[in-house]
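here is a sequence with its predicted model. Questions after.
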Amino acid sequence: MRNVLFIAPTTYKLPLDNNMTKKFEYLSQICNLNVVAFANEKKEYKLGNTNLYFYKKTSSRFYNYLKIIIVSLFSISKIINRNRIEIVSFQDPVSSFLSMFIIKLRHKKVKVIVETHGDFIETLNLEKNLIFPKFYKSLFKKLSTYTIQKSDIIRAVSSSTEDQVRKISKTKEIVRFPAWVDFDDFKDIEIVRNKKQMFQILFIGSVTDRKKPHLIIEAMSLLKKENIELLIVGPTPNLKYLESLKSLIVKNELKEKVKFFGEVNREEVKSLYSKINLMILPSVSEGLARVIFESQATACPVLVTDAPGMGDIVIDGQTGYVFESNNIVSLSEKINYIEENYNEAVHVGRNAKEFILNNYSAENFKFSFKKIFDTVYSK
C-alpha cells in the first residue's frame, strides 16, 4: 500500500467521533494513512494504522494562518521523511499554497492531489467580515492557480467545483466523487415526522450570507402561514450577519416561528432529521453539501437552489425540489407547494433515499480514493 498524507484546514473535535473514526478506518484499508489537520487541542497519536497530527486551532484567524506557515515550513517535511510519504492530498487549493511550494522544492518525487470541496475563491469572503475583500479574492485566485497547476491530479466533489478548476486549467486531469458521508448512521433512524400540527423546516449549516438562511425567513414572511416554523442549526462565524438575521426575524414578526439551536452533536442532528418535514439549503455557493446527502438518506424531502453542483444529486420532483437562486417568490412558492402536497413530497424523499443508498456508499468512497491513488502514482 502507498504511504499517503492528507493535509487539511479542517478542524476536528477530539476525541474523534465514530463518524470520523470510521472514515479513517476505511481509508487505512487502501493506504498507509497519515493526517495533518487542526483540532481543539494539540495531539499526535495513532488510530489503528493511521498516524494523526493535530495542531490546536485558536479563535485568532491571524494566529491560525501563522500556524499554517510554521507547520508548512517545519513539520510537513519531517512527516514526509519519517513516514516515507509517496502521495500528498491537499483538501484545499488556497491554504495549501506554501506546503505545495515546500513539497515541490524538497520532495520532487512525491505525487500531489489537490481536492476542491467548495468555492475556494468566494467562500471566505461570504463567511467572514473581511476588511479588504477584493484583495483577498485576488490573492486566493493567485494561490489556488499555483497549487492547481502544480498538482498531479485534481479531486472535485461536484460538477461546480470541477467547473471552477476548469476555469484555471483546461487540461488538468480531474476525478470527481463526493465527500465522505456515513449513510449507515442515518438510513435506519426512526422516522417520527408528520404534518398534523406544525410544518417544520430545517436549515443546517454555517449561518452566513453564503448559506443564505435569511431567504427562508423572507419566504415565510411572504407565505404568512401560521403552521410553518424554521429551525436554524449551525455555527455563527459572522456575528454581523447573525444580528441582521435576528433583526429580519423581529421585523417580520416571526420571533415565535424561528428557533436557533447553534452547533449540535451528531445524535441531535439525527434526531432533527427524524422529525422535520423539509430541509432547505438556499446556498448560492456550494460544493456538494453533506447535509443534502444526510437528509436524503433519512428520506427527508430537500429543497435547494439551482446553483451549479446541486443538480448532481437533486432532480426537481424526483429526488428533491429546486428553486431559483436568490428568488424569494420562487422559494415561497416551492415551500407552499411541498406543504400542500406533502404526500407527494414524502414519496420524493423515499425516491431520494433509494437513489443515494444505491449510488453512494463508504465502499464507493474507498474505491474512488484507491483509484485516484493508483492513477496519480502511475504518472
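Thanks, I have it.

could you list the low-pLDDT ranges of the stretch 201-350 of the chain?
Across the stretch 201-350 of the chain, the stretches falling below the confidence threshold (pLDDT under 70) are 285-287.

can you give me the strands for this protein?
With strands called from DSSP state E, the chain shows them at 2-12, 31-39, 43-47, 50-56, 87-90, 111-116, 153-156, 174-176, 199-204, 228-233, 258-262, 278-281, 302-305, 321-323.

quick one: closest of those to Phe97.
strand 87-90 (9.3 Å; C-beta to C-beta). Every residue, glycine included, has its C-beta placed from N, CA and C.

ok, the closest one: who's next to it in the sheet?
strand 2-12 (parallel), strand 111-116 (parallel) (DSSP bridges).

mean neighbour count and distance to Ser244 for the strands of the chain - can I get that in JSON lines?
Shown next, in JSON lines, are those (neighbours: other C-beta atoms under 10 Å; distance: least, C-beta to C-beta, whole Å):
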{"stretch": "strand 2-12", "mean neighbour count": "20", "distance to Ser244": "25"}
{"stretch": "strand 31-39", "mean neighbour count": "21", "distance to Ser244": "29"}
{"stretch": "strand 43-47", "mean neighbour count": "12", "distance to Ser244": "38"}
{"stretch": "strand 50-56", "mean neighbour count": "19", "distance to Ser244": "32"}
{"stretch": "strand 87-90", "mean neighbour count": "24", "distance to Ser244": "34"}
{"stretch": "strand 111-116", "mean neighbour count": "24", "distance to Ser244": "30"}
{"stretch": "strand 153-156", "mean neighbour count": "23", "distance to Ser244": "33"}
{"stretch": "strand 174-176", "mean neighbour count": "17", "distance to Ser244": "36"}
{"stretch": "strand 199-204", "mean neighbour count": "23", "distance to Ser244": "15"}
{"stretch": "strand 228-233", "mean neighbour count": "20", "distance to Ser244": "14"}
{"stretch": "strand 258-262", "mean neighbour count": "15", "distance to Ser244": "14"}
{"stretch": "strand 278-281", "mean neighbour count": "26", "distance to Ser244": "19"}
{"stretch": "strand 302-305", "mean neighbour count": "26", "distance to Ser244": "20"}
{"stretch": "strand 321-323", "mean neighbour count": "21", "distance to Ser244": "22"}
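
among the ones you listed, which is nearest Lys366?
strand 31-39 (10.0 Å).

surely Tyr360 meets Phe183?
Yes - counting by C-beta atoms under 8 Å, a contact exists between Tyr360 and Phe183, whose distance comes to 7.0 Å.

overlap of the contact sets of these two?
Residues touching both Tyr360 and Phe183 (C-beta atoms under 8 Å, 6 or more residues apart in numbering): Phe293.

and this structure, what are its domains?
For the chain, automatic domain parsing gives the domain ranges 2-181+361-377, 183-359.

show me the contacts for the most centrally placed residue in the chain.
Nearest to the mean C-alpha position of the chain, by C-alpha atoms, centre = their mean, lies Ala289 at 4.7 Å. By C-beta under 8 Å, 6+ apart, the residues touching Ala289 are 205, 281, 283.

return the residues in contact with the first one.
With C-beta under 8 Å, 6+ apart as the criterion, the residues that contact Gly205 are 211, 213, 233-234, 281, 283, 289, 291.

what's the distance between Asp374 and Asn3?
Distance, Asp374 to Asn3, using C-beta to C-beta, to the nearest Å: 14 Å.

you'd agree Lys56 is up against Glu44?
No - using C-beta under 8 Å, Lys56 is not in contact with Glu44, being 11.8 Å away.

wait, Lys379 sits on Lys111?
Yes - assessed by C-beta under 8 Å, Lys379 is found in contact with Lys111 at 6.6 Å.

overlap in contacts, these two.
Contact criterion C-beta under 8 Å, 6+ apart; residues shared by Lys379 and Lys111: 152-153.

where does the stretch 51-200 of the chain have low pLDDT?
Across the stretch 51-200 of the chain, residues meeting the criterion (pLDDT under 70) sit at 60-62, 64-65, 121-133, 195-196.

those helices in it, which residues are they?
For the stretch 51-200 of the chain, helices defined by DSSP state H, counting those that start in this stretch occupy the ranges 61-70, 76-82, 97-106, 123-127, 133-150, 159-168.
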